[in-house]
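> Quick one: sequence plus predicted model below, questions after.
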Amino acid sequence: DQQVKQNSPSLSVQEGRISILNCDYTNSMFDYFLWYKKYPAEGPTFLISISSIKDKNEDGRFTVFLNKSAKHLSLHIVPSQPGDSAVYFCAAKVQRWGKLQFGAGTQVVVTP
Amino acid sequence: GAVVSQHPSWVICKSGTSVKIECRSLDFQATTMFWYRQFPKQSLMLMATSNEGSKATYEQGVEKDKFLINHASLTLSTLTVTSAHPEDSSFYICSARQGGSYEQYFGPGTRLTVT
């Protein structure tokens, strides 16, 4: 049972434009959400997170939005750069010390 | 800081043999380590959680006799795939968490191919 879903397997965006990645979840007990970036043959690296008590968190070019009523979160990358080309995983957990549940990932390709 | 390494980065083994994968936290003490498995174009699936000095907790559907996990020290956990079969071919990733912290730091992964 996939509790975290990323329905877009891939996204192509032009350099300098905005990348918007979406993630939906089904478990209302999740209270902490994270985004990870992963290059081929490497482990995921932490990008940004948000607690369920917030609806927005910003860190440089990366902003995560959380809509609890819709059980939906999104990651905005502005402006997109070629180095942003990677697979992005959405993850969620119940409690900060809980187990991470990952989505299937979205492959982002930033074109010149 | 917070570097996690895995060894080997890739391994090919024959069906029926066993293979051991190491996960090390290089600059911190990892009281908890996690082992994940990833199939191509799919999400990371948690296989088991191990706390230093105690038995690993396996997720539902993961065979504990097939995937042996040992977390004997605060910097090392090992995953042994016993009697490997081609369907065990996958990308195995570990992560480590320091006591008192909720952040997980991931290793670079190990590509296992069973022929």
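Looks like it came in fine.
> For residue A:45, give me its contacts.
Remark: with contacts taken as CB atoms under 8 Å, 6 or more residues apart in numbering or on different chains, residue A:45 is in contact with A:36, A:37, A:38, B:106. Placement of C-beta: from N, CA and C, glycine included.
> How many residues are close by the residue nearest to the last one when sequence neighbours are not counted?
So that's residue B:106. If the residues on either side of it in the chain are set aside, residue B:106 comes closest to residue A:43, at 3.4 Å by CB to CB, 6 or more residues apart in numbering or on different chains. Applying other CB atoms under 10 Å in any protein chain shown, we find 24 residues neighbouring residue A:43.
> and chain B, which residues reach chain A?
Along chain B, the residues adjacent to chain A under the rule CB under 8 Å from any CB of the partner chain are B:4, B:6, B:9, B:34, B:41-46, B:49, B:93, B:95, B:102-109, B:111.
> In strands, which of those residues fall?
Taking DSSP state E as the definition of strands, those contribute B:4, B:6, B:34, B:44, B:45, B:46, B:49, B:93, B:95, B:105, B:106, B:111.
> Count the residues that sit near the last one.
For residue B:111, the count of nearby residues is 15 (other CB under 10 Å).
> quick one on the thing from earlier: just the buried residues out of the residues of chain B next to chain A, in PyMOL syntax.
What follows is the PyMOL syntax selecting those of these that are buried according to 16 or more other CB atoms under 10 Å in any protein chain shown:
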select buried, chain B and resi 4+6+34+43+44+45+46+49+93+95+104+105+106+107+108+109
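> just to revisit the earlier point, tell me which of the ones in strands among the residues of chain B next to chain A is nearest to residue A:87?
residue B:44 (10.6 Å; CB to CB).
> I figured that closest one was touching residue A:104, is that so?
No - the criterion here is CB atoms under 8 Å, and residue B:44 misses it with residue A:104 at 9.5 Å.
> shared neighbours of the two, which are they?
Between them, residue B:44 and residue A:104 share no neighbouring residue, with contact defined by CB under 8 Å, 6+ apart.
> Identify the residues contacting the closest residue to chain B within chain A.
Residue of chain A nearest chain B, by CB to the nearest CB: residue A:43 (3.4 Å). With contact set as CB under 8 Å, 6+ apart, residue A:43 has these partners: B:4, B:6, B:93, B:95, B:106, B:107, B:108, B:109.
> Now do the same for the residue lying closest to residue A:3 once chain neighbours are set aside: its pLDDT.
Ranked by CB to CB, 6+ apart and with sequence neighbours excluded, the top spatial neighbour of residue A:3 is residue A:27, at 4.6 Å. We have a pLDDT of 93 for residue A:27.
> Near residue A:27, how many other residues are there?
Taking other CB under 10 Å as the neighbour definition, residue A:27 ends up with a count of 14.
> so it touches residue A:99, yeah?
No - shown here, residue A:27 and residue A:99 do not form a contact pair, counting by CB under 8 Å, at 11.5 Å.
> Show me which of the contacts of residue A:45 are buried.
For the contacts of residue A:45, burial is judged from neighbour counts taken by 16+ other CB under 10 Å, and it is met by A:36, A:37, A:38, B:106.
> can you tell me which two in these are farthest apart?
Across the buried ones among the contacts of residue A:45, no pair lies farther apart than A:37 and B:106, at 10.8 Å, counting by CB to CB.
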